[in-house]
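*Asks:* only the shape, not the letters, is given here:
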């Protein structure tokens with residue numbers, strides 16, 4: 001194949017990928033319980049829900065038109081301009097593909113807008129960034145309107161997973177009824193079956209075009225045979241019949257009447273509460289993400305306000321608007337990097353577009369909180385503050401020799417540099433950076449033994465319980481989460497941190513600047529030191545990262561660059577390419593048949609079967625999902641395998657000490673014991689056996 005053929009092929013493939021966008025389809029649908037009220041209630045209830053839905057859609061689209069729609073002007077689209085109006089076609093649908101009640105509206109937005117007298121396309125980047133905020137705006141408003149019109153109250157769905165964002169459904173509607181009218185899983189199962197048949201016949205997964213056809217076929221196959229299009233009245237009659245079966249023969253209309261209490265039992269929200277709400281939202285955002293856009297701020301405020309009712313003249317959208325203005329004005333700081341002063345000679349040229357430029361800045365500006373900036377500055381200061389604690393050279397050499405004897409090889413120069421830096425830095429805070437498999441644990445073991453010989457104890461900390469426990473077990477010290485230390489300090493329980501201790505924070509790049517600052521403050525007050533160990537290029541943080549990279553650059557932190565974990569030739573180098581996100585990062589793995597592919601429906605079973613096989617073969621196995629929402633089948637399989645897992649603890653003696661690999665149980669302070677007992681009662685009281693977590697059920701056995 002010639003170079004011209006290759007170029008032509010690449011151009012053709014790229015053209016297939018880059019198709020023009022004709023428009024955007026925004027779908028507004030309420031939670032399932034609202035659709036059930038609409039589908040099972042009488043004519044008055046049905047009309048009230050439809051009015052609430054229509055009004056919420058109108059207001060969400062009006063907000064998008066006023067705040068979100070921009071276009072581009074100039075070479076390369078360098079200049080952003082506010083568009084004038086939208087062209088929208090709306091379609092109201094009453095059910096989903098399997099005939100369940102699902103009131104929703106498709107709003108098709110034409111990708112053409114008028115700006116400065118010219119027709120052009122929408123800036124899709126801004127629209128995509130506002131997607132979540134628009135969704136939350138509709139969800140909160142439709143719930144508010146339904147509560148006002150029908151007197152129902154909303155509460156978090158009882159089967160919401162721990163740690164997940166709660167879904168607010170109409171209170172007193174049984175979960176079984178919600179599940180009965182959510183039959184989309186039947187379509188997905190049938191589509192998976194068709195995909196398997198295709199693969200068995202042709203030896204490969206179906207291409208996208210075939211998958212679309214299979215989705216349509218699955219929809220038809222899962223519907224009742226010879227079912228012609230039905231009127232809404234016929235659908236409502238069928239829905240009431242199905243609901244009656246779930247309710248043991250009871251009239252669904254009676255249930256709808258019962259959930260209409262005549263008043264919304266959620267606490268009322270009033271304007272004086274706004275500052276406290278805004279402060280709480282910005283405080284949480286500063287710990288979760290570090291910086292945010294105005295759309296993220298709006299979405300979070302909408303979620304918080306869903307817990308309240310609004311009986312006054314102001315509706316929830318007005319409160320949201322006031323809350324955002326208050327947050328941007330008094331609680332948020334724009335993350336400017338540089339500020340330029342325009343000369344007076346150009347002032348006339350920008351005067352006309354000044355107001356428009358301000359609007360654009362607010363739409364795309366990233367904000368942070370003063371608490372985040374203070375935390376970052378506090379960490380930088382403590383990285384420069386001297387501390388008296390150190391370890392003698394002879395002690396370091398002795399522990400290095402012991403580690404080398406145990407490992408059967410010498411430590412790398414980068415590992416020794418990390419050991420010496422952490423033990424002799426004489427600073428309140430010190431940092432080291434290392435990629436996965438670069439020998440951080442081996443170096444940490446030397447640090448722990450040398451510090452214990454000279455100063456106080458070493459405490460392994462991490463942003464997650466797993467990280468802290470693993471490091472603690474591997475270097476034979478107590479492992480705790482950062483949150484555990486912060487919570488104890490907050491409620492007045494002794495933290496267990498004493499003068500001369502070393503707090504070794506693993507995966508520090510996944511901790512927020514505020515949490516690290518609070519931890520450092522506790523350590524310095526107790527006379528301890530903090531050592532941060534991690535990789536700034538690790539997975540996205542569970543809260544907010546970035547401070548580790550900043551400290552590493554400012555303090556010339558040692559970098560563990562020699563990967564020791566892998567024995568296969570070339571794998572160490574491949575792991576570093578993967579870490580850096582290089583374009584050819586997967587070539588090495590693909591060339592050695594390390595990558596498996598499959599359809600979405602079959603991958604969970606493939607991964608789980610491989611995991612079980614590895615566990616039964618006494619291999620270390622790890623499953624990392626693309627998100628934290630495993631399907632019901634995978635969750636069930638995970639619970640089933642738990643009783644079969646064997647947890648082994650390696651025990652080795654070290655001179656004059658306790659078994660290595662087994663952590664000492666720390667004696668609880670009497671006040672702490674009382675607090676833990678109270679927390680335990682709160683977590684278990686009022687939960688049925690079905691509602692308790694899988695680990696609780698295993699404990700029952």
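*Replies:* Great, that's in hand. Here the structure is a predicted model, which is why all the values come from computation and not from measurement. Numbering: from 1, shown residues only.
*Asks:* which residues touch the lengthiest helix in the chain?
*Replies:* The single longest helix within the chain, with elements called by DSSP state H, is helix 43-67. The contact list for helix 43-67 (C-beta atoms under 8 Å, 6 or more residues apart in numbering) reads 26, 28, 30, 34, 37-39, 41, 85-86, 88, 90, 103, 105, 107, 127, 130, 134, 137-138, 141-142, 145-146, 149-150, 236, 256, 260, 317, 363. Yep, even glycine has a C-beta here, placed from its N, CA and C like the rest.
*Asks:* the longest strand along the chain pairs with which strands, parallel or anti?
*Replies:* Secondary structure of the chain per DSSP state E: the longest strand is strand 101-110. Sheet pairing of strand 101-110 (DSSP bridges) gives strand 23-28 (antiparallel), strand 88-95 (antiparallel).
*Asks:* and the longest one, what's buried?
*Replies:* Spelled out, that is strand 88-95. 94, 95 (16 or more other C-beta atoms under 10 Å).
*Asks:* how about the strands paired with strand 101-110 in a markdown table, adding distance to residue 267?
*Replies:* Converted to a markdown table, the strands paired with strand 101-110 look like this (distance: least, C-beta to C-beta, whole Å):
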| stretch | distance to residue 267 |
| --- | --- |
| strand 23-28 | 27 |
| strand 88-95 | 33 |
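*Asks:* list the buried residues for stretch 233-247?
*Replies:* Per 16+ other C-beta under 10 Å, stretch 233-247 contains these buried residues: 235, 236, 238, 239, 242, 243, 244, 246, 247.
*Asks:* now, which of those lie within helices?
*Replies:* Mapping those onto helices (DSSP H) picks out 235, 236, 238, 239, 242, 243, 244, 246.
*Asks:* apart from its chain neighbours, what residue comes closest to the second one?
*Replies:* The spatially closest residue to residue 236, leaving aside those adjacent along the chain, is residue 39, at 5.9 Å (C-beta to C-beta, 6 or more residues apart in numbering).
*Asks:* can you tell me the element that neighbour falls in?
*Replies:* In the assignment (DSSP states H and E), residue 39 maps to helix 32-40.
*Asks:* report all helices and strands that that helix contacts.
*Replies:* helix 43-67, strand 101-110, helix 131-150, strand 168-170, helix 175-180, helix 232-246, helix 252-259 (3 or more C-beta pairs under 8 Å, 6 or more residues apart in numbering; DSSP states H and E).
*Asks:* just to revisit the earlier point, which parts of the longest helix of the chain are buried?
*Replies:* 45-46, 48-49, 52-54, 56-57, 59-61, 63-65, 67.
*Asks:* cool, and stretch 498-511?
*Replies:* 501, 502, 503, 504, 505, 506, 507, 508, 509, 510, 511.
*Asks:* measure the second one to residue 40 for me?
*Replies:* Plainly put, residue 502 is 63 Å away from residue 40 if you go by C-beta to C-beta, to the nearest Å.
*Asks:* and for the fifth one?
*Replies:* From residue 505 over to residue 40 the distance is 54 Å, taken as C-beta to C-beta.
*Asks:* and if you look at residue 399?
*Replies:* 71 Å.
*Asks:* more neighbours, these two?
*Replies:* Between residue 399 and residue 40, counted using other C-beta atoms under 10 Å, residue 40 has the larger neighbour count: 25 against 22.
*Asks:* tell me where the stretch 201-350 of the chain has helices.
*Replies:* Counting by DSSP state H, counting those that start in this stretch, one finds helices in the stretch 201-350 of the chain at the ranges 208-221, 232-246, 252-259, 274-288, 294-305, 316-326, 347-351.
*Asks:* what mean pLDDT does the fifth one have?
*Replies:* Average pLDDT, helix 294-305: 92.
*Asks:* one more: the first one?
*Replies:* Confidence over helix 208-221, taken as the mean pLDDT, stands at 75.
*Asks:* so which residues make contact with that helix?
*Replies:* 97, 98, 187, 188, 190, 191, 194, 195, 198, 206.
*Asks:* among those residues, name the buried ones.
*Replies:* Using 16+ other C-beta under 10 Å, the buried ones in the contacts of helix 208-221 are 97, 98, 187, 190, 191, 194, 195, 198, 206.
*Asks:* I'd assumed residue 296 was in contact with residue 289.
*Replies:* Yes. With contacts counted by C-beta atoms under 8 Å, residue 289 reaches residue 296, the gap being 7.2 Å.
*Asks:* neighbours around residue 375, how many?
*Replies:* Neighbour tally, residue 375, other C-beta under 10 Å: 25.
*Asks:* which of the residues in the helix or strand it falls within are buried?
*Replies:* When elements are assigned from DSSP H and E, residue 375 belongs to helix 370-382. Along helix 370-382, these residues count as buried under the neighbour rule (16+ other C-beta under 10 Å): 371, 372, 375, 376, 378, 379, 382.
*Asks:* tell me the helix or strand right after it.
*Replies:* Moving toward the C-terminus from helix 370-382, the next element (DSSP H and E) is helix 393-407.
*Asks:* packing partners of that following helix?
*Replies:* Short answer (3+ C-beta pairs under 8 Å, 6+ apart): helix 393-407 packs on helix 413-424, helix 440-454.
*Asks:* most tightly surrounded among the ones you listed?
*Replies:* helix 440-454 (a mean of 23; mean count of other C-beta atoms under 10 Å).
*Asks:* what lines up beside the following helix or strand past it in the sheet?
*Replies:* Next in sequence after helix 440-454, counting helices and strands by DSSP H and E, comes strand 458-462. Applying DSSP bridges to the sheet, strand 458-462 is found paired with strand 478-481 (parallel), strand 502-505 (parallel).
*Asks:* domains for the chain, by residue range?
*Replies:* 23-182+224-259, 268-340+358-364, 372-560 (the TED database).
*Asks:* deepest of those domains, which one?
*Replies:* domain 372-560 (a mean of 20).
*Asks:* what's the end-to-end length of that one?
*Replies:* Domain 372-560 has an end-to-end distance of 28 Å (C-alpha to C-alpha, to the nearest Å).
*Asks:* run the chain-centre distance for that domain.
*Replies:* 26 Å (C-alpha atoms, centre = their mean, to the nearest Å).
*Asks:* just stretch 57-69 next, same as before
*Replies:* Mean C-alpha position of stretch 57-69 versus that of the full chain (C-alpha atoms, centre = their mean) differs by 26 Å.
*Asks:* kindly report the same for stretch 123-130.
*Replies:* With C-alpha atoms, centre = their mean, you get 20 Å for stretch 123-130.
*Asks:* my guess is residue 458 meets residue 448, correct?
*Replies:* Yes. Here residue 458 reaches residue 448: they are 4.3 Å apart, a contact under C-beta under 8 Å.
*Asks:* shared neighbours, those two?
*Replies:* The contact sets of residue 458 and residue 448 overlap at 475, 477, 502, 504 (C-beta under 8 Å, 6+ apart).
*Asks:* out of these, who's nearest residue 154?
*Replies:* residue 504 (45.3 Å; C-beta to C-beta).
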